[in-house]
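J.: Provided below for reference: sequence and predicted model.
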Amino acid sequence: MKKSLLILSAFTLLIGGKTTAQELDFMQVFDPIATPYVLPANAFNTLYLGHPSVVDQDLINSTWTNVEKISNPKNAQGNYTEMKVYAWNSTSSAWELSETDLSFTYTYDGSNKLTSFIRTYNDLSTGDIMKRVATSMTYNGSNQLTQIVFIDSLYDVANGSWFALDGTDDFVYAGSLLSERTTMYSYMGISIPVSKKLYSYNGNNCIEELTQADDNGTWVDDEKLTFTYTGNNMTNITKTVYNTDISAWETESTTIYTYDAQNRVSTGDFDGDTHAYTYNANNKISEVLIDEFDGTAMVKSKVEVTYDANNMPEIAYSYAWNGTGYETESFERTLWSDPNPIIDLDGDGVSSTSDCNDNDPNVYQNLTVYIDVDADGYDNGSSTICMGVAPPSGYILNTLGSDCNDNDAAINPGATDIPDNGIDEDCNGSDATSSPVDNDGDGHDNTSDCDDNDPNVFQNLTVYIDNDLDGYDNGTALICMGTTPPSGYSLNSLGIDCDDFNSNVNPGATEIPNNGIDDDCLGGDETTIDADGDGYDSVSDCDDNDPSVYQNVAVFVDYDGDNYDSGTQTICMGDLPPIGYILITMGSDCNDSEISINSGATDIPDNGIDEDCNGSDSLSIPNAPTDLVVVPVKANQTLRLTWTDNADNETGFKVERSTDGTNFTLLADLTAANTTTYDDTNLPDATTYYYKVLAYNTTGNSAYSNIVQATSSGASLFDVVLENVTVYPNPFEKEFTVNWNSDATYMIYSLNGNIVKEGKISTGTNTISLSTVQSGSYFLKIVSKDGVSTSILNKQ
């Protein structure tokens with residue numbers, strides 16, 4: 001009897017609910033017989049999560065012994081964090097990873113949205129390891145998972161190496177329903193379609209059809225599930241597969257359900273195997289009567305299910321039919337174990353995991369409350385306490401404000417202060433005093449007036465001392481004053497005065513030479529001489545020892561005399577600047593040592609000299625590419641172009657395509673110099689294309705190359721096989737080296753398909769000479785027992 005399927009059959013229908021497209025993807029994994037298997041509603045959980053904590057048990061020698069366990073813990077937010085499968089080792093009396101070790105780990109963001117996961121499958125019998133690492137997960141605005149980017153890795157023990165493929169799972173929705181799921185791999189820049197599933201629904205949003213297609217050059221349907229309903233009750237599931245030999249769909253299996261008056265599944269017919277279900281008062285399946293074909297005859301059995309206090313399936317017992325009745329079979333399985341059972345020691349209705357004191361029924365929660373010892377409604381800080389519905393005496397949930405004396409209910413910010421009693425009843429920082437007076441009648445009372453006997457003054461201010469009233473100060477002073485300071489003081493200052501009793505002497509005055517007075521406060525009287533007799537004294541003359549110069553002037557530097565400058569400089573000069581300097585410039589000079597180079601010169605192309613100072617030498621139009629060749633290189637309708645680059649001054653290439661050889665349009669703008677190849681991908685089958693290529697730079701376009709043509713097809717002699725061939729050096733001059741892992745035969749083809757050389761290679765490093773063939777591109781094809789691999793060779 002299929003025991004595991006029986007138990008899963010029962011568990012499948014225990015949780016009930018309407019089948020969705022996401023759930024059908026994995027239902028065959030968990031219960032191939034009792035479909036549909038309903039998983040959580042979240043699309044991703046449906047595909048990758050949803051495993052309860054399960055313990056399987058067998059009866060051995062009348063003693064119940066654990067044999068298998070699935071550990072599937074959750075975090076504090078109720079999200080699964082990992083899944084591992086264990087088996088019981090009766091010899092060591094310990095749990096060990098099962099022979100087939102399947103494990104998951106999951107990570108979430110701050111909003112409890114799954115962001116990445118790792119799925120590992122260890123075949124402990126062979127040592128092979130398969131791992132999927134989801135590196136990113138994208139959601140749309142409705143929080144529906146739209147893409148998983150992952151890396152699938154396989155560790156092959158026999159070869160001692162890892163093999164990895166990048167991949168994506170893309171999900172498309174029609175409103176709230178999944179409508180399409182596509183799985184793709186990517187290897188060496190090549191996209192490899194794996195599978196596509198399409199989902200359709202009826203008017204009640206129930207899945208009507210699931211179609212799976214595989215990629216054999218194009219998407220081809222190969223498997224289909226069709227669902228029939230009465231109302232929302234699924235009554236039929238038909239699985240059909242496409243028979244390519246007769247080009248027709250064939251029925252592979254059929255499932256039929258019947259329902260009772262409460263719309264509960266009553267019976268299930270799985271291609272002749274029947275299950276009949278009985279329910280308890282909570283509408284949970286309590287018994288399943290099973291009649292299955294074991295390969296020889298129909299065999300009867302029964303499964304009974306018990307539940308815990310939370311109505312979770314707990315234990316399933318299996319019974320065999322002995323001809324007259326059911327007897328206990330050596331099989332029992334614990335379907336659910338709660339890793340966090342509810343414990344309430346004080347019986348207050350709050351579990352011990354959240355009760356702050358589970359030994360006192362009067363308290364259950366930690367709350368931050370306000371301290372109020374004198375019970376005046378004002379607090380003396382806050383504290384976190386374990387309490388019940390209301391806080392105990394001395395604490396309050398809400399406060400009127402901060403209390404400055406929590407031992408006296410008459411003292412708080414809301415009290416009225418009693419003047420002159422030495423007590424700060426209103427917590428404003430001081431005791432109130434009797435009413436103030438204004439002795440001088442200036443509107444400022446004796447609490448703030450700096451001299452309450454003088455109505456002209458009321459405030460203490462720091463002001464500047466300015467005895468001569470010239471706006472320059474001789475320091476500061478704190479004085480009792482009115483709105484404006486008295487004579488000899490100022491609110492603002494222009495600077496420090498060196499003689500505050502002479503208004504003509506200050507830092508802003510004009511110095512009078514030879515009068516014996518330091519009028520401008522620079523430290524002394526100014527005296528003047530004219531040593532070189534040029535009419536300019538030593539104070540203003542920039543060089544009083546040279547009669548030909550007298551003034552400092554900012555001029556332009558022009559060493560080569562082309563009237564373009566290389567910067568500015570302040571020099572001591574006469575009426576005109578000396579040689580190498582000019583007063584007026586025509587522009588900037590990038591080479592002030594060469595008169596023919598400046599921003600006004602005409603640039604000579606391709607001489608390596610930037611005559612016009614624009615930052616680079618001008619370029620001539622590049623030479624046209626030649627020897628353009630086109631060949632099919634892949635199985636997914638790709639044509640490869642190769643050409644000879646005849647220019648050394650191009651910045652890129654433009655590839656143009658035509659379907660009639662006359663009207664060409666731009667296909668690709670290749671913005672890299674020295675490019676000699678381009679792949680035109682994803683072309684429709686059996687279509688002829690014409691191509692031509694030109695080189696370009698900032699000056700313009702070259703002439704076109706020769707025109708070539710080719711017809712796209714689904715296959716080619718040079719199809720790329722997913723195998724990495726190491727060839728070096730590449731490009732090469734006379735010979736190249738190939739590393740290979742077995743004995744094999746190699747062939748080297750020209751671009752038109754002619755074999756130019758063939759031979760054998762062995763395991764390890766092999767050197768192959770091509771010294772006698774012309775320079776250009778060739779194809780290397782290696783045929784071994786493992787398959788065919790290709791690479792492109794470039795001979796210089």
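T.: Received the coordinates, thanks. Residues are numbered from 1 along each chain as shown.
J.: if I pick the residue nearest to Asp403 when sequence neighbours are not counted, what's in contact with it?
T.: Distances taken as Cβ to Cβ, 6 or more residues apart in numbering put Tyr378 closest to Asp403, at 3.7 Å, once the chain neighbours are dropped. In short, each C-beta sits where N, CA and C put it, glycine included. Contact partners of Tyr378, counting by Cβ atoms under 8 Å, 6 or more residues apart in numbering, are 372, 399-403, 406, 412-414.
J.: Relative to Ala415, how far out is Tyr378?
T.: Using Cβ to Cβ, to the nearest Å, we find Tyr378 at a distance of 9 Å from Ala415.
J.: Name the SS class of the most centrally placed residue in the chain, please.
T.: Nearest to the geometric centre of the chain sits Ser136, at 6.7 Å (Cα atoms, centre = their mean). Following DSSP: H, G, I helix; E, B strand; the rest coil, Ser136 is assigned to strand.
J.: Spatially nearest residue to it (excluding sequence neighbours)?
T.: The nearest residue in space to Ser136 (Cβ to Cβ, 6+ apart) is Val149, at 4.6 Å.
J.: Could I get the pLDDT score of the one you found?
T.: Looking at Val149, its pLDDT reads 93.
J.: low-confidence ranges in the stretch 151-300 of the chain?
T.: Scanning the stretch 151-300 of the chain for pLDDT under 70 picks out 215-221.
J.: The stretch 601-750 of the chain now?
T.: 633-636, 713-724.
J.: And the strands in it?
T.: 626-634, 638-644, 652-658, 665-670, 677-680, 688-696, 708-711, 726-728, 735-740, 744-749 (DSSP state E, counting those that start in this stretch).
J.: ChimeraX command for the buried members of the contacts of Tyr378?
T.: In ChimeraX, this line selects whichever of the contacts of Tyr378 come out buried by 16 or more other Cβ atoms under 10 Å:
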select :372,399,403,406,412
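J.: Columns distance to Asp166, pLDDT and secondary structure on top of the contacts of Tyr378, output as a markdown table?
T.: Listed next are the contacts of Tyr378 as a markdown table, based on distance: Cβ to Cβ, whole Å; pLDDT from 0 to 100; DSSP: H, G, I helix; E, B strand; the rest coil:
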| residue | distance to Asp166 | pLDDT | secondary structure |
| --- | --- | --- | --- |
| Asp372 | 64 | 95 | coil |
| Thr399 | 59 | 95 | coil |
| Leu400 | 64 | 94 | coil |
| Gly401 | 63 | 93 | coil |
| Ser402 | 61 | 93 | strand |
| Asp403 | 66 | 94 | coil |
| Asp406 | 67 | 93 | coil |
| Asn412 | 69 | 95 | coil |
| Pro413 | 67 | 95 | coil |
| Gly414 | 70 | 93 | coil |
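J.: Run a quick check on Pro729 versus Phe736, I expect a contact.
T.: Yes: contact criterion Cβ atoms under 8 Å: Pro729 and Phe736 qualify, at 6.4 Å.
J.: Neighbour count for the two, which is higher?
T.: Between Pro729 and Phe736, Phe736 has the larger neighbour count (other Cβ atoms under 10 Å), namely 21 against 11.
J.: Return the residues in contact with the more buried one.
T.: So Phe736 contacts 727-730, 767-768, 770, 793 (Cβ under 8 Å, 6+ apart).
J.: Tell me the one among those nearest to Cys356.
T.: Tyr728 (69.9 Å; Cβ to Cβ).
J.: isn't that closest one right next to Asn766, touching?
T.: No: using Cβ under 8 Å as the test, Tyr728 is too far from Asn766 to be in contact (11.7 Å).
J.: so what sits against both of the two?
T.: With Cβ under 8 Å, 6+ apart, Tyr728 and Asn766 have common neighbours Thr737.
J.: okay, those two: which has more neighbours?
T.: Of the pair Tyr728 and Asn766, Asn766 is the one with more neighbours under other Cβ under 10 Å, namely 17 against 9.
J.: Quick check: closest non-adjacent residue to the more buried one.
T.: Using Cβ to Cβ, 6+ apart, the nearest residue to Asn766 is Val738, at 4.9 Å.
J.: What is the neighbour count of the one you found?
T.: 19.
J.: Over to Asp589?
T.: 27.
J.: and what of Val557?
T.: 17.
J.: Residues in a beta bridge with it, which ones?
T.: Assessed by DSSP bridges, Val557 has beta-bridge partners Tyr581.
J.: dump the residue contacts of it.
T.: 565-569, 580-581, 592.
J.: Among the contacts of Phe736, find me the one that's closest to Tyr704.
T.: Tyr704 lies nearest to Leu793 out of these, by Cβ to Cβ, at 26.9 Å.
J.: Not counting sequence-adjacent ones, nearest residue to the closest one?
T.: Per Cβ to Cβ, 6+ apart, closest to Leu793 is Tyr778, 4.4 Å.
J.: The residue nearest to Ser136 is in what secondary structure piece?
T.: For Val149, the element it lies in under DSSP states H and E is strand 145-156.
J.: counting contacts, what elements does the helix or strand containing Thr182 pack onto?
T.: Taking DSSP H and E as the criterion, the element that holds Thr182 is strand 177-187. On a contact count with 3 or more Cβ pairs under 8 Å, 6 or more residues apart in numbering; DSSP states H and E, strand 177-187 meets helix 21-30, strand 161-174, strand 190-201.
J.: What strands line up against that strand, and which way round?
T.: When DSSP bridges is applied, strand 177-187 pairs with strand 161-174 (antiparallel), strand 190-201 (antiparallel).
J.: Same list (those strands) but as JSON lines, adding mean neighbour count and distance to Gly608.
T.: What follows is the strands paired with strand 177-187, written out as JSON lines (neighbours: other Cβ atoms under 10 Å; distance: least, Cβ to Cβ, whole Å):
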{"stretch": "strand 161-174", "mean neighbour count": "16", "distance to Gly608": "45"}
{"stretch": "strand 190-201", "mean neighbour count": "17", "distance to Gly608": "43"}
